[in-house]
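Student: Predicted model and sequence below, questions to follow.
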Amino acid sequence: MTIPDPALYRPCVGTMMVNAQGHAFVGKRIDNKEGDWWQMPQGGVDPGEDLDEAMFRELGEETGVKPGHLDIVGTLGRELFYDLPEDLKGKLWGGKFIGQRQTWYLVRFTGKDKHIDLEAHKHAEFCEWKWVEPVLLPELIVPFKRDVYQTIVDGFRKLI
């Protein structure tokens, strides 16, 4: 397997946040105009930013969940890459990247649903959220990310 050139891919963290029942958090993106797609929290890593700090920051911005309501269970141990579809290349992230390279975390949510606040950040990314069985994740995400989501589900299956 050939590893893509990391410089072509935006560095990113993603989080599978699971509750006590083993269900995963997904949010419906506010800017989603093309279908009924749901995704797990994810976002860019700032230059020089520690990955754990980036994960807590992004998860807090997108869900309002504070680190005190989270336990890190683990990471996949390798970056996952995806390419943007041709119609999006050159339009996102200033045209600098052709996709993302993602470090994925599994975290256990120890809070209550009331601790989830999609409007905690001034630029909300999700308009709705729900808990789902992890096996359903690949069919809920936009098609070009399905292989990544299947790898995440397979990689975390025994830890959930």
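Tutor: Nice, I can see it.
Student: Other residues contacting the helix or strand of the chain with the lowest mean pLDDT?
Tutor: Sorting the helices and strands of the chain by mean pLDDT, DSSP states H and E puts strand 80-83 at the bottom, at a mean of 93. The contact list for strand 80-83 (C-beta atoms under 8 Å, 6 or more residues apart in numbering) reads 3-4, 9, 89, 98-102, 104, 144-145, 147-148, 151-152. Backbone N, C-alpha and C define where each C-beta goes, glycine included.
Student: one more time with 6 Å
Tutor: The contact list for strand 80-83, computed with C-beta atoms under 6 Å, 6 or more residues apart in numbering, reads 4, 9, 98-102, 145, 148, 151.
Student: Okay, buried residues for the longest helix anywhere in the chain please.
Tutor: Ranked by number of residues, the top helix in the chain under DSSP state H is helix 51-63. For helix 51-63, the neighbour count (16 or more other C-beta atoms under 10 Å) marks 54-63 as buried.
Student: Go through the helix or strand following that helix and flag the buried ones.
Tutor: Sequence order places strand 70-75 as the next helix or strand after helix 51-63, per DSSP states H and E. Across strand 70-75, burial judged by 16+ other C-beta under 10 Å covers 70, 75.
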